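**Q** Need the 3D shape of this:
(one chain, ligands or ions: 2)
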Amino acid sequence: MPGAAEERVESRSEAGTYCSSVIADPCLTASRGPGKMASSRLPILLALAFSSLSFVLSHSNREMWFQDFFPPNTCPINARANTFYGIMFDAGSTGTRIHIYTFVQKSPENLPELEGEIFESVKPGLSAYADQPEKGAETVKRLLDMAIDAVPPHLWKKTPVVLKATAGLRLLSEEKAQALLLEVREVFEESPFLVPEDSVSIMDGSYEGILAWITVNFLTGQLSGQNQHTVGTLDLGGASTQITFLPRFEETLKETPGDFLTSFEMFNSTYKLYTHSYLGFGLKAARLATLGALNMEAVDGQMFRSSCLPKQLEAEWHFGGVKYRYGGNKEGETGFKPCYLEVLKVVKGKLHQPDEIRGSSFYAFSYYYDRAVDTNLIDYEQGGVLEVKDFERKAKEVCDNMERYNSASPFLCMDLTYITALLKEGFGFRDNTLLQLTKKVNNIETSWTLGATFHLLQSLGITY
Ligand SMILES: O=c1[nH]cnc2c1ncn2[C@@H]1O[C@H](COP(=O)(O)OP(=O)(O)O)[C@@H](O)[C@H]1O
Ligand SMILES: [Ca+2]
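**A** Numbering: from 1, shown residues only. Ligands and ions are numbered 1, 2, ... in the order given. Below is the predicted model:
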């Protein structure tokens, strides 16, 4: 069954991060500032100087203070005297993930340092339980049980737990989404952890991009020191996709619609980020759009066909609680050319194209990473640097030889073609634009959840 093959490919992609307990040796990060990094094992500082990082989102006027995350100057003997935790759930459209972050404050003079992360994920995501909210919350409970084992009992009451849902729940009706969130809230209330107000919510798309940008730039050492070269980020989820970068040219600011720009202050400088979340442009939503099935009222029984699928294929696919029947063009054309034309209709003219990004390089993760791994463009553990044209080359190879790739997902051709079209025709990247494919930096997942946890801890005043 193609659906099963599809899951197989995806679970391979995520299997390596399954419960990846990470303890980066804090003593290796003992110098202050990225330039002074002593260890060749850890070329990038985990804990960076956030001396007075204040963060104000222009559309919401909500303040975020992340100032208390300093690296230590030294490695005190009693390194684990003051450990504390933060639990952040990512309720994504294709899966739910728990991130348990460990912070250590080694002495009162030094501010807390990010020490490591425990990560686990389950599939499908909460939106697949739209009609069984209790069952959906049960999946969250199973993940939360991990935190009970990971966090020492005397710290349970001081450890906040938060869940933020993204595009899967944004696409559900308000009523169904709220029913799911309510059940999850009950699971949290019944747990021994600290449940802040607003602990279970749907996150605004613009936060998703900004928080992921903070995570990546924090982990790569770009948010501290004099020579900051921040990197832009590209996240490709199941239902939505985000692009975020710090514009360098005044022209870009002038040409960008106001709601794509968000201001915040850092080290007494004001930064204006370009960020946008495109709902319905995630990889799986794009499959439905390509098939002509996105936002269709009644899909039961209807067969959706595409030249991006193997000719003889006829199968079913469940996404967001809906069953879709899909198949190849039995009589008509298949292959890269007709597929690209189909996919082009989904992206052409639908996205804002900032000129500035054409020549810059970006960090890319989630499905960009997974599909690059699935087609051996990069190594699962190492990641790697690709050019946009590498995705196109691979898309041609797969689409024009679908019979050779029949053990992988039947959507592999469509996915690679969509990624190519999204990058080139959607965002307007050049063929030779460099993409740094990264799943983890220093063993911490490159997810918006770390940025969200900084905000959470700071808003709760959790520093010791
Ligand atoms: O923390 C993470 N670690 C590894 N992969 C992640 C993480 N968060 C999201 N992903 C990847 O994101 C993709 C799915 O996106 P998601 O389910 O978050 O959709 P959404 O962002 O549209 O709601 C998958 O490729 C999944 O592997
Ligand atoms: Ca996501």
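
**Q** contacting residues for Ala137?
**A** Contacts of Ala137 were listed using Cβ atoms under 8 Å, 6 or more residues apart in numbering, and they are 180, 183-184, 186-187. Quick note: C-beta positions are derived from backbone N, CA and C, even for glycine.

**Q** Any stretches of the stretch 51-200 of the chain with poor pLDDT?
**A** Scanning the stretch 51-200 of the chain for pLDDT under 70 picks out the ranges 51-81, 109-111.

**Q** Filter the contacts of Ala137 down to just the buried residues.
**A** 180, 183-184, 187 (16 or more other Cβ atoms under 10 Å).

**Q** can you narrow the residues you listed to ones near ligand 2?
**A** Near ligand 2, judged by Cβ under 5 Å from the ion, there are no entries from those.

**Q** From those, which land in helices?
**A** 180, 183-184, 187 (DSSP state H).

**Q** What is the burial count for the residue in the stretch 251-400 of the chain positioned nearest to ligand 1?
**A** With Cβ to the nearest ligand atom, the shortest gap between the stretch 251-400 of the chain and ligand 1 falls at Ser366, namely 3.3 Å. By other Cβ atoms under 10 Å, 23 other residues sit near Ser366.

**Q** can you give me how far the helix or strand Asp145 falls within is from the chain middle?
**A** Asp145 belongs to helix 133-150 when assigned by DSSP states H and E. Taking Cα atoms, centre = their mean, to the nearest Å, one finds the center of helix 133-150 at 20 Å from the center of the full chain.

**Q** So which bits of that helix are buried?
**A** Applying a neighbour-count criterion of 16+ other Cβ under 10 Å, one finds 133, 136-137, 139-140, 143-144, 146-147, 150 buried in helix 133-150.

**Q** tally of neighbours for Gly282?
**A** Using other Cβ under 10 Å, Gly282 has 29 neighbouring residues.

**Q** Can you name the residues of the stretch 101-250 of the chain sitting close to ligand 1?
**A** With Cβ under 6 Å from any ligand atom as the criterion, the stretch 101-250 of the chain meets ligand 1 at residues 125, 166-168, 237-240.

**Q** Can you tell me how far the residue of the stretch 251-400 of the chain closest to ligand 1 is from ligand 2?
**A** Distance of Ser366 to ligand 2, computed by Cβ to the ion, to the nearest Å: 6 Å.

**Q** Enumerate every residue touching that residue.
**A** Contact analysis of Ser366 by Cβ under 8 Å, 6+ apart lists 235-237.

**Q** Please name the bridge partners of it.
**A** Under DSSP bridges, the beta-bridge partners of Ser366 are Leu236.

**Q** May I have the predicted confidence score for it?
**A** As predicted, Ser366 sits at a pLDDT of 97.

**Q** Remind me what the helix or strand containing Thr290 packs against, helices and strands.
**A** Using DSSP H and E, Thr290 maps to helix 283-291. Packing partners of helix 283-291 (3 or more Cβ pairs under 8 Å, 6 or more residues apart in numbering; DSSP states H and E): strand 303-306, strand 314-319, strand 322-328, helix 336-347, helix 412-421.

**Q** Now with 6 Å, please.
**A** Here helix 283-291 touches strand 303-306, helix 336-347, helix 412-421, going by 3 or more Cβ pairs under 6 Å, 6 or more residues apart in numbering; DSSP states H and E.

**Q** Could you dump these into a markdown table with mean neighbour count and mean pLDDT added?
**A** Shown next, in a markdown table, are these (neighbours: other Cβ atoms under 10 Å; pLDDT from 0 to 100):
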| stretch | mean neighbour count | mean pLDDT |
| --- | --- | --- |
| strand 303-306 | 18 | 94 |
| helix 336-347 | 20 | 98 |
| helix 412-421 | 28 | 98 |
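
**Q** Let me have those in a markdown table, extended by distance to ligand 1.
**A** Formatted as a markdown table, those follow (distance: least, Cβ to the nearest ligand atom, whole Å):
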| stretch | distance to ligand 1 |
| --- | --- |
| strand 303-306 | 21 |
| helix 336-347 | 15 |
| helix 412-421 | 10 |
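
**Q** out of those, nearest to Ser107?
**A** helix 412-421 (47.1 Å; Cβ to Cβ).

**Q** at contact distance from ligand 1, anything in the following helix or strand past that closest one?
**A** Downstream of helix 412-421, the next assigned helix or strand under DSSP H and E is strand 434-437. No - Strand 434-437 is not in contact with ligand 1 by Cβ under 6 Å from any ligand atom; minimum separation 11.9 Å.

**Q** Show me the beta-bridge partners of Glu314.
**A** If you apply DSSP bridges, the partners that Glu314 bridges to are Gly327.

**Q** thinking it is in contact with Gly327, fair?
**A** Yes - assessed by Cβ atoms under 6 Å, Glu314 is found in contact with Gly327 at 4.0 Å.

**Q** from the contacts of Ala137, which single one is nearest ligand 1?
**A** Among those, and counting by Cβ to the nearest ligand atom, the member closest to ligand 1 is Leu180, at 13.6 Å.

**Q** Leaving out chain neighbours, which residue sits closest to that closest one?
**A** Closest residue to Leu180 apart from its sequence neighbours, by Cβ to Cβ, 6 or more residues apart in numbering: Pro133 at 4.6 Å.

**Q** Go ahead and confirm that neighbour touches Glu183.
**A** Yes - between Pro133 and Glu183 a contact is recorded at 4.4 Å, counting by Cβ under 6 Å.

**Q** Can you tell me how far the residue of the chain found nearest ligand 2 is from Val195?
**A** Closest residue of the chain to ligand 2, Cβ to the ion: Gly237 (3.8 Å). Look at Gly237 and Val195: by Cβ to Cβ, to the nearest Å, they are 26 Å apart.

**Q** What of Tyr363?
**A** Distance, Tyr363 to Val195, by Cβ to Cβ: 33 Å.

**Q** Tell me if Val161 really is in a strand.
**A** Yes - Val161 sits within a strand when classified using DSSP: H, G, I helix; E, B strand; the rest coil.

**Q** Near ligand 1, which residues of the stretch 351-464 of the chain are found?
**A** Residues of the stretch 351-464 of the chain lying near ligand 1 by Cβ under 6 Å from any ligand atom: 366-367, 370, 439, 445, 447.

**Q** For the spatially closest residue to Phe281 that is not a sequence neighbour, give me the backbone phi and psi.
**A** Excluding the flanking residues, the one nearest Phe281 by Cβ to Cβ, 6+ apart is Thr241, at 4.6 Å. Backbone torsions of Thr241, given as degrees, to the nearest 10, read phi -140, psi 150.

**Q** what about Thr241, distance to Glu120?
**A** From Thr241 across to Glu120, the span is 24 Å (Cβ to Cβ).

**Q** before we move on, what about Cys413?
**A** Taking Cβ to Cβ, one finds Cys413 at 31 Å from Glu120.

**Q** and if you look at Gln458?
**A** 25 Å.

**Q** about what we covered before: okay, Tyr363 and Val195: which has more neighbours?
**A** More neighbours surround Tyr363 than the other of Tyr363 and Val195, with 26 against 17 (other Cβ under 10 Å).
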